[in-house]
Each structure stands twice: as structure tokens, then as C-alpha cells.
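Participant: Kindly return the folded structure for what I paste below:
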Amino acid sequence: MIEALSGIAVAAFSVLAMAVLIVLLCLNIRRAGSRSVRVIFIVLICLFAITGVFGSLNAYRSNKVIGTYGGSEYELITIDGVEYRADHNNQYDSPDRDKMLGKVVFEREDGHRHDPMYVWSVEGTDEYIYALSFADGTFFKKQ
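Facilitator: Numbering: from 1, shown residues only. You can find the predicted model right below:
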């Protein structure tokens, strides 16, 4: 729950910051003398708006909790009731990861969460996912 709220907070802050920058640039457009300076300000407004939207979406997506991980050596990931087990004998390598799906967390009995693993899909297959924790990346196969 906290991760989802922090993702929303980051996205809201990014949108608010972009809105403030756009307002400040709009106020400076009125004071700008030549037409070329006005065009530069308009281009900057567009760049800030695009950067803000994509930054907000990326922050929200990377903070989205999609499942949990566990096992004695963290070899099991569960996403939407589907279990994935670590598979060290596969034909994939880390550049084969495709789209970021979100993160999985380890929940203790007292409700606290450990460090997250970030999860990506694997290009060309639905059987595998790629998870990165700390500095160690591992492929997991659907069970």
C-alpha cells in the first residue's frame, strides 16, 4: 500500500512541478521581446510537459507492486496467483528483458516488506520473467 501511495505521490509531484514550470515559462513569454525568444520559450514548455508526463508514468510503473517473492533463497515469485521459480539453466541473458512489469516484495509475518525485486517480461516468451534484486538478476520460469 505504501509503495502504491509513494508512486502516486511521485507522479503528482512531477505533474505539479511541470505545471509550475509551464506557468513560469508562460509568464516569461509575455516579457520576451522578439519572436524567436517566444518560440524558444514555447519549445521549452513543450519539452518540459513531455518530460513530466513520461517521467510521471515511469515513476508510477516502477513503483507498482505486482506480487510477492519468497522461498529459502528467494527462488519463488508469485504474480496474480501464478508461480515462477528461479531457472538458472535457460537460453536468455539480461539484454533479453523487455517491458518493466513492476516490482515484487517479500512480506514478513509482521507486515513489513523487504527490499523489492524489479520484474520485466522476457522478449519473445510468456514462460519467463526477469527479476533484478540488489545487483543480482535472475530468470524465473512459470510453473
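Participant: Surely residue 17 is within a helix?
Facilitator: Yes - if the criterion is DSSP: H, G, I helix; E, B strand; the rest coil, then residue 17 is within a helix.
Participant: How confident is the prediction for the spatially closest residue to it that is not a sequence neighbour, by pLDDT?
Facilitator: Excluding the flanking residues, the one nearest residue 17 by Cβ to Cβ, 6 or more residues apart in numbering is residue 52, at 7.0 Å. (Glycine included, C-beta is placed from N, CA and C.) Reading off the confidence values, residue 52 has pLDDT 75.
Participant: just residue 127 next, same as before
Facilitator: We have a pLDDT of 92 for residue 127.
Participant: Residue 90 - that's part of a strand, no?
Facilitator: No - Residue 90 sits outside any strand when classified using three-state DSSP, being coil.
Participant: which residues sit in contact with it?
Facilitator: Counting by Cβ atoms under 8 Å, 6 or more residues apart in numbering, residue 90 touches 128, 139, 141.
Participant: and if you look at residue 142?
Facilitator: 82-84, 126-129.
Participant: run the last query once more with 7 Å
Facilitator: 82, 84, 127 (Cβ atoms under 7 Å, 6 or more residues apart in numbering).
Participant: Quick check: beta-bridge partners of it?
Facilitator: According to DSSP bridges, the residues that bridge with residue 142 are residue 84.
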